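S.K.: dropping the sequence and predicted coords here.
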Amino acid sequence: MSPECIFVLDHYNDYISGELLPENATRVENHIRSCPNCEEFLGRAFKIHGRTVGLLRTPAPLSLRNSISNLFDEA
């Protein structure tokens, strides 16, 4: 595993979430152009991230929202 592969592994989460400094994001992008393993890894990580974010956007059931609202009303 090259130092650039290790860099990708160490910073992929920040890269996927858009929090990596631009010069480091460019470093990741340059590396994945020449490394099929890291390109595949990042592709899978993006899919998992997308699915996870999608789950977080699922609204809570009305009964749960009402229960929480009732707790605030009682306070």
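M.R.: Good, I have the coordinates.

S.K.: ok, the most centrally placed residue in the chain - contacts?
M.R.: Central residue of the chain (Cα atoms, centre = their mean): His49, 4.0 Å from the mean position. By Cβ atoms under 8 Å, 6 or more residues apart in numbering, the residues touching His49 are Ile16, Ser17. Every C-beta, even on glycine, is put in place using the N, C-alpha and C of the backbone.

S.K.: that one: what secondary structure?
M.R.: Under DSSP: H, G, I helix; E, B strand; the rest coil, the three-state class of His49 is helix.

S.K.: model confidence score at it, please.
M.R.: Model confidence at His49, expressed as pLDDT, equals 88.

S.K.: relative to Ile68, how far out is it?
M.R.: 28 Å (Cβ to Cβ, to the nearest Å).

S.K.: likewise Asp10?
M.R.: From Asp10 to Ile68 the distance is 39 Å (Cβ to Cβ).

S.K.: Pro59 now?
M.R.: Pro59 is 13 Å from Ile68, by Cβ to Cβ.

S.K.: neighbour count winner among these two?
M.R.: More crowded of Pro59 and Ile68, by other Cβ atoms under 10 Å: Ile68, with 11 against 7.

S.K.: which SSE is the more buried one in?
M.R.: Ile68 is part of helix 62-74, with elements assigned from DSSP states H and E.

S.K.: one more: Val8?
M.R.: Short version, using DSSP H and E: Val8 is in helix 3-16.

S.K.: and the contacts of that helix?
M.R.: 20, 24-25, 27-28, 31-32, 35, 37-38, 41-42, 45-46, 49.

S.K.: go again using 7 Å as the cut-off
M.R.: Leu20, Asn24, Ala25, Arg27, Val28, His31, Cys35, Cys38, Leu42, Ala45, Phe46, His49 (Cβ atoms under 7 Å, 6 or more residues apart in numbering).
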